[in-house]
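Visitor: Using only what follows, build the 3D model:
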Amino acid sequence: MTVSVAVHDKQPLVVAEDEDALRQLLQSAQAEAAKKYKLNVVILESSIGNKLGIVLGGTDSVLTFTRADNMPPYLISRGTTEDVEPVLTCYVGLEHHTEFPRWSVVPLRHAMQGAMEFLSTGLPPRCIEWKDD
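Guide: Numbers count the residues shown, from 1 in each chain. As a prediction, the model looks like this:
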């Protein structure tokens, strides 16, 4: 399976056809966001139209999952705390402000593992605990 990746707002999508290409693309986006001191929500779209959002730019991340038909359930990763605050402030495509509750935060390495799983299935990664949002 392939994924189309939106790193920046209003710029062409980049296609990743294998784990190496996706890993390189996400590592580059991670470095760029960290350099700008801005957490970026990068969107991966599978060939079947499902979307996975991944927060990059720090040591923590959040994953979101939306079905191709944009119908519920809308899934968000589930971390280890019940706390809402402090929220994780991010920018979709490095432009559009959004916030995630603290309970949705997972370690970056788990989020990257989830992105690799999404590449192969196009479905919500099973390595992540999910909550309906």
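
Visitor: low pLDDT regions in the chain?
Guide: Nowhere does the chain drop to pLDDT under 70.

Visitor: for the chain, which helix is longest?
Guide: Using DSSP state H, we find that the single longest helix of the chain is helix 19-35.

Visitor: what does it contact?
Guide: 3, 5, 7, 14, 16, 39-40, 42, 44, 54, 56-58, 94, 108, 112, 115-116, 119 (Cβ atoms under 8 Å, 6 or more residues apart in numbering). (Each C-beta comes from the backbone N, C-alpha and C, glycine too.)

Visitor: List the ones among those residues that fall in helices.
Guide: Per DSSP H, the contacts of helix 19-35 map to helices at Leu108, Met112, Ala115, Met116, Leu119.

Visitor: Contacts only, for Ala115.
Guide: Ala115 neighbours (Cβ under 8 Å, 6+ apart): Leu22, Leu26, Leu44, Leu52, Ile54, Leu63, Pro125.

Visitor: Correction: the previous question concerned Gly58.
Guide: Gly58 touches Ala33, Ala34, Leu39, Leu108, counting by Cβ under 8 Å, 6+ apart.

Visitor: so which of the residues you listed comes closest to Thr98?
Guide: Leu39 (9.5 Å; Cβ to Cβ).

Visitor: Thank you, goodbye.
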